[in-house]
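J.: coordinates for the following, if possible.
(chains A and B)
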Amino acid sequence: MTYQQCNACLGEYDDTSADGAPYFHVCPPLERVKILRDDGTETIGLRSEFTDLVLVESQAAKDQAVEAGANAATIAIVLRRRFLERPDHRDENTLRWQEDPQGRRRRILKAEGAGARRATRPQVDAVGDPV
Amino acid sequence: MIGQSKPGAPAPLLVPPGAFYFRGDDDLRIVSFNSASGVVLAGTGRMMTPDGAIVPFDFRHTPNTDRTANASMHAIGEGWLLHLTLIVASGTPTFGQTWASVQLVRGRTGNVTVLGELASGFVGTTQRLSWPGGTLGSTLEGPGRIRSITGTDPAAGVEISDTVPTGARWKLFAWRATLVTDATAANRLPALVIDDGTTEIYRAVSTTNHTASLTWAYNAAIAGAAAAQSASNVGLILPASLVLLAGYRIRTVTAAIVAGDNWGAPQLLVEESLEG
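T.: Residues are numbered from 1 along each chain as shown, chains lettered A, B, ... in the order given. Predicted coordinates:
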């Protein structure tokens, strides 16, 4: 059982589930959004690029946040969204098995992507888990 | 009784001892689907040769561990197959993890023709697959295996997404994950989304704003109505009999998520069948 980190999405996972079955990581999609800023301009980009903004789903949600004290200039409304495959995305499911000249069988992944590396397993209490 | 005629002797009775006669160019083929690591199947049986001798045989077959098909050929000689059995010799798969089919085939490479199927079904360390007297069963027959699976722990600011693996079919019973919000003032509204890899099929949206600097767990289960929020646990509803095929995704879409918000690894309770 190896704890790994995907180089594309930075997600972390065990390569084997607790019941002994292999776990095949697949990167989550990227979210591309069209947003309406407070100044009326519309912008298209990846959600992760708008680090200076909070993206809400509706004018009502924006109004609610502003009433609660948020700065309207830091809030944008998502007008449209599309989920895209991540560049260099990794899909560890099997595409096919390949045999080398020595007869050794090797699993070819659906998408090697940016690869994965060994990672340090977090402490159990590293992320709070409410009861 | 099968035998050679001798001059002057009465003709032998030509009663074949079994329905499967193997010529020299016929083989046994084992095809397996498996999701457990370290599994090796052992096959044993006996043949009656054309001259009446009873000959035992045995072979080994190693399934793939990724739910894809693996096939191996085993030459057992010429004659009538009397009986055979297949059992897990190494590894400890639970019922529903290792499925095998035993076939009579002609041709070793290229076009392999299946002339007959002797037995097929799940096999374990104590549950054998046998012929004669065995069954012909599909990989989707019977209850699947109950699995508690830990998904990928996404990086901060990234949504959860787990994909049903190739060769698997899942019934999703329950899902739980924890969202830790950072200090940014925003009303996050997480949703659990099921899609077929492209198109959304189902969305269960939380109805309670998840504000800054809080750790809440989101719990989805098959229920008629979402449970009222209890302390820091939020309930979401899953439809009953939600069958997910390979490539379907179970993911979150969180309105107003910010870069410092952090989903933990989700835990899923599923019934897994092998697609075969």
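J.: mind listing the helices for chain A?
T.: Taking DSSP state H to define them, one finds helices in chain A at A:59-67.
J.: so who does the residue positioned nearest the centre of it touch?
T.: Ranked by distance to the mean C-alpha position of chain A (CA atoms, centre = their mean), the top residue is A:P28 at 4.1 Å. Taking CB atoms under 8 Å, 6 or more residues apart in numbering or on different chains as the contact definition, A:P28 lies against A:C9, A:G11, A:R86, B:T152, B:P154, B:V158, B:E159, B:I160, B:S161, B:R251. C-beta here means a position set from N, CA and C on the backbone, and glycine is covered the same way.
J.: the second one: neighbour count?
T.: Summarising burial for A:G11: neighbours were counted as other CB atoms under 10 Å in any protein chain shown, giving 26.
J.: give the contact list for it.
T.: For A:G11, the contacting residues are A:Q5, A:H25, A:C27, A:P28, B:T152, B:D153, B:P154, B:A155, B:V158, taking CB under 8 Å, 6+ apart as the criterion.
J.: excluding its backbone neighbours, what's nearest A:Y13?
T.: B:T152 (4.4 Å; CB to CB, 6 or more residues apart in numbering or on different chains).
J.: looks like the one you found contacts A:L10 (just checking).
T.: No: because the distance of 10.0 Å does not satisfy CB atoms under 8 Å, B:T152 is recorded as not touching A:L10.
J.: compare those two (neighbour count), which wins?
T.: More neighbours sit around B:T152 than around the other of B:T152 and A:L10, counting by other CB under 10 Å; the figures are 27 against 17.
J.: tell me the confidence at the spatially closest residue to A:E99 that is not a sequence neighbour?
T.: For A:E99, the nearest residue in space outside its immediate sequence neighbours is A:R105; the separation is 5.3 Å by CB to CB, 6+ apart. At A:R105, the pLDDT value in this model is 88.
J.: need the contact list for residue 61.
T.: If you meant another chain, say so; for now it's chain A. With contacts taken as CB under 8 Å, 6+ apart, A:A61 has the following neighbours: A:I77, B:N187, B:L189, B:A255, B:A256.
J.: that's the wrong chain, I wanted chain B
T.: Under the contact definition (CB under 8 Å, 6+ apart), the residues listed for B:H61 are B:I30, B:S32, B:V40, B:L41, B:G43, B:N70, B:S72, B:H74, B:L86, B:A100.
J.: try it again at 7 Å.
T.: Applying CB atoms under 7 Å, 6 or more residues apart in numbering or on different chains, one finds that B:H61 lies in contact with B:I30, B:S32, B:L41, B:G43, B:S72.
J.: closest one of these to chain A?
T.: Distances from chain A to those, taken as CB to the nearest CB, are shortest for B:S72 (11.4 Å).
J.: given the helix or strand that contains the closest one, what are its sheet partners and their directions?
T.: In this structure, B:S72 sits in strand B:70-74 according to DSSP states H and E. On the basis of DSSP bridges, the sheet neighbours of strand B:70-74 come out as strand B:26-34 (antiparallel).
J.: the partner strand: what's the following helix or strand?
T.: Sequence order places strand B:40-48 as the next helix or strand after strand B:26-34, per DSSP H and E.
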